[in-house]
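> Fold the stuff below for me.
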Amino acid sequence: MDPLQIELFVLLPSVLHVSSCQVVRSTQKAWDSFVGVFERKEGAADSIYGAFFDAAPNLQGMFRAPRATMGLRILAGISQFVGSAHEPAQLRRHVEAIAFNHLDLDVTAPRVEIFREATMEVFDLELGALFGTRARFGLSAIMTYAGGAYIFARKEYAGRIRILLRSWNTAAKKGETVEQIEDLDSKSDDDEEEEEVAQEHVQADANLKSQDGTGKNPQLKVPTTFDEMFLFNAAVMGYANSTWMKFILEYFDPIVSNVANSYRLQEECDVLSLNLAKCKGDINLPEFKAVMLASLRSLVPKEWNSQHEVAWNWLWENVERLLRQQLGKPRAHQKALERFIGGLQQEHLTSYCRDQYKRFFQLAPSGQDFFKQSTTRLYFIAEKIVEMTVEMYRTPKKMVEELSGLGLRHVGYGVPTELFSPYVTSAVEVIRGMTTDDHTQTAFAWSLTLIAKIMVRTLVEGSTVVMQAINTNIEKNLKKAIAVAPRGKRAMELLNITVGTQSISPLYWAIESGSLVCAQAMIEDLLTIRADRDNYYFGADALFTRHPEVIKKLSSSAPSLLDPLLEGLIWRSRVISNGYRRVNCYCKHLMQDVDGNHHQALQWLVEYGNPVMISQFTVVLVADLMWTRLVAYHFLLGRCYFLFTLCLAVTSQSFLSIPSAMHRSETLEANIVVFICRVFLYLGSMCKILYTQIRSFVADCKSGAIDRTYYIPIPQYLFSLQSGGNFMLFWLLVGMCTTEPLWRCGAFSTTEDHIIFSTHCQSVLDDGTKRVYSMFSCLAILLYWTLLLDFSIFSMHISAYVLVFGRVLSEVALFIMALVFLVISYSTAIMALEHELLDFAETCLQHWGYWEDFGTWLLSLTQMSLAMFPQVYYQEFEKEANLLVVVIAFVLIVSVILVNLLVAQLNQAYQHVYTDMQGYARLNRASVIVTTLEGISAKRWARFLQGMKFDERLEFNEGDVGLPGGVQIMEPAATNIVTVDSIRRFGGSSAVAMPWPEEDDSMEDRRGSAEHLRGKPDWGCRAVAAMVGE
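Next comes the predicted model:
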């Protein structure tokens, strides 16, 4: 027999005899004397807590609540036991109620003895001779009885908990196995597999029945879930207007799911009590019990029996007891706390923060290693926590979500949960020194304790081995942490940690915290193809489903991880056939999102603007497939109108334009063609450009895409070469339209002076309108041809050449600026010289109509720079030595220094751009692809996706059907050397719940060698270009 059972058997008559007047009175008197020794009950609570805490250091982990809160709980519990000692039935109810809160603690006989003896010692210490024999006997018997009840409840109620979880699993339609409380560990692996198979068969049978159509009336919706059945029964039973039931229903699932975790159950009931406080009217908890039992009987008809009835009644009795402890209190607590905090001045808050951290560091010196911020930051945190205590009463649901998110963010900081208890204790102690109002003290302590509970629970549930490994930023630790994960859940272990309604991504946390070594290892692990005899496992689907914006995230936060991500989407076979090897590129998630629309991955890479990354094999393949199969046709179709407009402009402004000096006569046919072409330019081209410009301008204004360059607001769309060119073309066409000779001549009919649509009337020749119009026309034609350069993207070589030309223009611009500076400076310098070149002055008068001045020398020096100055004029300079020296110096600087410097700059700029010119060309094409995709219809896009056949599985090798979601191409074997199969295959069990076997480190070494032998990235780009028909 268990030692405690023997002791209970011996003391049981004595325990029952405690109801005798002498023992009861002595025990209660000793208890009152003990509490009276201290000025406040908090002192007595702290004394008992200290005795328990110090009695067994190895049991200190069982004290999870703050010291002040836990001490008061222990004091209240013992006080209830002693106060009801004269009524055995009442004593039993109190003991069973508190035993329910200890179901998740491993209470054993030795531990009960330790706590009992610690209680006796503290009573001896505080009371001395006042603690008599009868009181000692009575208190010892009560403590022993309570401890035995805890052990009995844990063993007895385990069966009820199993019944609750199993029936709730059926009623809530969770569709998953419920973990057992006691005997789960005793099952063998074979038994568990048999249970899983049996459940799979049951689920399959249920699916078949549902497919066959068991319901004869599909329009009649029968409640199938607990929530639906509860609301239905509530309406039938006349409780449809009881809004408080919906609050309990919302929290009922976590309450039942955590019935074996008293700490979490208390937390859920506390939060629920705060929500119930917001309801108006009376709250009759037994009404919920009646509806709950009726709903459960309907949803679990086959399994329901008397044991279920007892178990659910027992659960609700304990939940109702926990709720009644707080019903009616939150409103009073909220008012008291708001009144107290609202009356605090800034100096009071500062004093509170200073005293609170001083006390906290005394209770937990190790906390100084984690609170290393500045004093102002620490004070800010303390003030925010004070505000949270009030907000917990005001908006409990919102605060729980915010605290869960805050706790998940603190998971990565590795904050020990042991620090929360002394933090709460220190804060409560400081508040007690600031106010004597019991309501305020209780409200603050209760709210802050609840906040700490939520934070601790979030940290505990979120602190997985993966998160702990990320904090070390060591790849080996991460691999060890993820090695124990089931193969079916391995990907989600790296991508998602959920606590309540909040979740955090370990991968994103690794990126944001700077643990890039672990982040790269996580990406490589996710994109490693693993296989057993039955299934292939590849984490690409999980990665892009959990983080569809991962490309954008990496581009902005960790660009070095883009290459491992994109490389991980490629599989190359080591088997060579006829000089080629299979290459599977799983690019589905780079083309389409979860909803089937085009993905923004290419757009994010374009915005990133890295020519090397855009030339990566996967990106090249995605861009070329979109271009050749979808975008090229639509791009050409959209530019056909521009080509037609260019032809009309060249025809009307160049081919059929007759200069006035040629004195050629106009023809009727030519004038009609010119009139039609120009009217179309103004209506069909100018108006279309105006509409496009207004739409782009409005879009940028709405989105706030305005750049202020030199304090001038400029819409971002104008920084695009195409849009900026169209903007300039529009104003040139406006200038042509306002100076159009057709309107000024007004020849809309044939007369004796001119034929119809004439453009050579005397009025436009006299006032110079014809010349102004010709300037606008010349610039417009040049712009039309410049905008035609967009067609260069059909060839990467031509596009690269055009881009290189554009990038070296900046060097030419610098040369022109230097030349203009030299010309102006030397022109003014020469004008300051005194000379007697009368022949040169007369020549200037003959040629330009005026004597030499600043303009003369400005033009002359410009001609010298361009080798256009007449040689005969140089002979005139020989007569003036000083002028000749200045001219020679100017010519030497321009011809020797400036021109050669331009050549050197162009050469260096070309060498710098040449290595990336293909990448910039692909960036240009990708930008066009992204822009064109916005105008493609959903129907055309759906046909494109259908042609890609992403749903079909791709073969790895002949007869080895692998994974869907990609495209397969054949690449030359010499492009990339592959010596080791990148698929990691394992034997043994193929159960999804089993982790992968340990991998051999030598495999990693061989893979690393193979990666080192791979060719340069541009080889892959050339191969892809050749395969898609570039």
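
> Kindly format the C-alpha coordinates of stretch 477-484 as PDB.
What follows is stretch 477-484, C-alpha atoms only, in PDB (Å, rounded to 0.1, in the frame of the first residue of the first chain):
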ATOM      1  CA  ASN A 477      21.400  23.400 -33.500                       C
ATOM      2  CA  LEU A 478      18.600  24.100 -35.900                       C
ATOM      3  CA  LYS A 479      19.000  20.800 -37.700                       C
ATOM      4  CA  LYS A 480      18.900  19.000 -34.400                       C
ATOM      5  CA  ALA A 481      15.800  20.800 -33.300                       C
ATOM      6  CA  ILE A 482      13.900  20.100 -36.500                       C
ATOM      7  CA  ALA A 483      15.100  16.500 -36.800                       C
ATOM      8  CA  VAL A 484      12.500  15.300 -34.200                       C
END
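
> list the buried ones in it?
Residues of stretch 477-484 classed as buried: 477-479, 481-482 (neighbour count, 16 or more other C-beta atoms under 10 Å). All C-beta spots, glycine's among them, are computed from the backbone N, C-alpha and C.

> what is the mean pLDDT for that stretch?
Confidence over stretch 477-484 (mean pLDDT, whole number) is 89.

> Identify all contacting residues around that stretch.
For stretch 477-484, contacts defined as C-beta atoms under 8 Å, 6 or more residues apart in numbering pick out 464-466, 468-470, 490, 493-494, 518, 521-522, 525, 995-996, 998.

> biggest separation within the residues you listed, which pair?
Spatially, the most separated pair among the contacts of stretch 477-484 is I470 and E998, at 21.1 Å (C-beta to C-beta).

> of the two, who's got more company?
Remark: of I470 and E998, I470 carries more neighbours, 29 against 10, as counted by other C-beta atoms under 10 Å.

> Count the residues that sit near the closest residue to L788 other than its chain neighbours.
Computed as C-beta to C-beta, 6 or more residues apart in numbering, the closest residue to L788 that is not its neighbour in sequence is L646, at 6.5 Å. Residues contacting L646 under the criterion other C-beta under 10 Å number 17.

> likewise E834?
7.

> Could you check how far it is from W857?
Distance, E834 to W857, by C-beta to C-beta, to the nearest Å: 14 Å.

> same deal with N284?
In this view, N284 and W857 are 105 Å apart by C-beta to C-beta.

> of these two, who's got more company?
Each of N284 and W857 has its neighbours counted (other C-beta under 10 Å); W857 has more, 20 against 13.

> Which of the helices or strands spans the more buried one?
Using DSSP states H and E, W857 sits in helix 854-865.

> Okay, buried residues for the helix or strand following that helix please.
Remark: after helix 854-865, the chain's next helix or strand is helix 871-876, criterion DSSP H and E. Neighbour-count burial for helix 871-876, with 16+ other C-beta under 10 Å as criterion, is recorded at 873, 876.

> Stretch 152-164 too?
Those would be 152-154, 157-158, 160-164, for stretch 152-164 by 16+ other C-beta under 10 Å.

> all helices for the stretch 1-150 of the chain, in order.
With DSSP state H, counting those that start in this stretch as the criterion, the stretch 1-150 of the chain has helices at 3-17, 21-36, 41-55, 67-83, 88-100, 109-127, 133-171.

> what's the angle from the last one to helix 88-100?
Counting by axes from the mean of the first three to the mean of the last three C-alpha atoms, to 10 degrees, helix 133-171 lies at 60 degrees to helix 88-100.

> how about W731, secondary structure?
Secondary structure of W731, reduced to three states by DSSP: H, G, I helix; E, B strand; the rest coil: helix.

> Number of residues surrounding L408?
L408: 24 neighbours (other C-beta under 10 Å).

> quick one on the thing from earlier: return the closest of the buried residues of stretch 477-484 with respect to V499.
Using C-beta to C-beta, A481 comes nearest to V499 of these, at 18.3 Å.

> And the closest one, how far from W304?
Distance from A481 to W304, by C-beta to C-beta: 43 Å.

> before we move on, what about N318?
Relative to W304, and taking C-beta to C-beta, N318 is found at 20 Å.

> neighbour-wise, which of these two wins?
N318 (21 against 17).

> what helix or strand is that one on?
In the assignment (DSSP H and E), N318 maps to helix 306-324.

> downstream neighbour of that helix in the secondary structure list?
Next along from helix 306-324, by DSSP H and E: helix 329-342.

> and that next one, average pLDDT?
Mean predicted confidence for helix 329-342 is 91.

> hang on, the earlier thing: with mean pLDDT and distance to P964 added, can I get the helices of the stretch 1-150 of the chain in a markdown table?
Converted to a markdown table, the helices of the stretch 1-150 of the chain look like this (pLDDT from 0 to 100; distance: least, C-beta to C-beta, whole Å):
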| stretch | mean pLDDT | distance to P964 |
| --- | --- | --- |
| helix 3-17 | 42 | 61 |
| helix 21-36 | 81 | 72 |
| helix 41-55 | 77 | 59 |
| helix 67-83 | 76 | 55 |
| helix 88-100 | 72 | 51 |
| helix 109-127 | 81 | 57 |
| helix 133-171 | 81 | 33 |
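
> And those helices: which comes nearest Y536?
So among those, helix 133-171 is nearest, using C-beta to C-beta, at 31.0 Å.

> now the angle from the closest one to helix 109-127?
Going by the same axes, to 10 degrees, helix 133-171 makes 140 degrees with helix 109-127.

> what's the spacing between helix 133-171 and its chain's center?
Centroid displacement of helix 133-171 relative to its chain, using C-alpha atoms, centre = their mean, to the nearest Å, is 46 Å.

> If I take that helix and helix 306-324, what angle do their directions form?
Relative orientation of helix 133-171 versus helix 306-324 (the same axes, to 10 degrees): 120 degrees.

> how far away is the spatially closest residue to I830 that is not a sequence neighbour from F617?
Spatially, and ignoring its direct neighbours in sequence, I830 is nearest to W857 (5.1 Å; C-beta to C-beta, 6+ apart). As judged by C-beta to C-beta, W857 and F617 stand 60 Å apart.

> Neighbours of A519, how many?
A519: 28 surrounding residues under other C-beta under 10 Å.

> Next up, identify which helix or strand it is on.
For A519, the host element (DSSP H and E) is helix 516-526.

> Quick check: buried residues in that helix?
The neighbour-count check on helix 516-526 (16+ other C-beta under 10 Å) flags 517-526 as buried.

> correct me, but the residue nearest to L788 touches D790?
No. Using C-beta atoms under 8 Å, L646 makes no contact with D790, being 11.7 Å away.

> on that earlier part again, show me what the helix holding N318 is packed against.
Here helix 306-324 is seen to pack against helix 88-100, helix 133-171, helix 262-276, helix 285-299 when contacts are counted using 3 or more C-beta pairs under 8 Å, 6 or more residues apart in numbering; DSSP states H and E.

> ok, then the element right after the helix or strand bottoming out on mean pLDDT in the chain?
The helix or strand of the chain with the lowest confidence, counting by mean pLDDT, DSSP states H and E, is helix 189-212 at a mean of 39. Per DSSP H and E, the first helix or strand lying C-terminal to helix 189-212 is helix 226-236.

> now that following helix against helix 133-171, angle please.
Using the same axes, to 10 degrees, helix 226-236 lies at 100 degrees relative to helix 133-171.

> Not counting helix 226-236 itself, show me its contacts.
Applying C-beta under 8 Å, 6+ apart, the contact partners of helix 226-236 are 168, 171-173, 223, 240, 242, 245, 249, 252, 291-292, 294-296, 298-299.

> Just the buried residues out of the residues you listed, in PyMOL syntax.
To isolate the buried ones among the contacts of helix 226-236 in PyMOL, judged by 16+ other C-beta under 10 Å, type:
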select buried, resi 168+171+172+242+245+249+252+291+292+294+295+296+298+299
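
> just to revisit the earlier point, return the member of the contacts of stretch 477-484 nearest to E429.
Among these, Q468 lies closest to E429 (C-beta to C-beta), at 32.4 Å.

> Each with direction, which strands does the strand ranked longest in the chain pair with?
Longest strand in the chain by number of residues (criterion: DSSP state E): strand 570-577. In the sheet, strand 570-577 lines up against strand 580-585 (antiparallel) (DSSP bridges).
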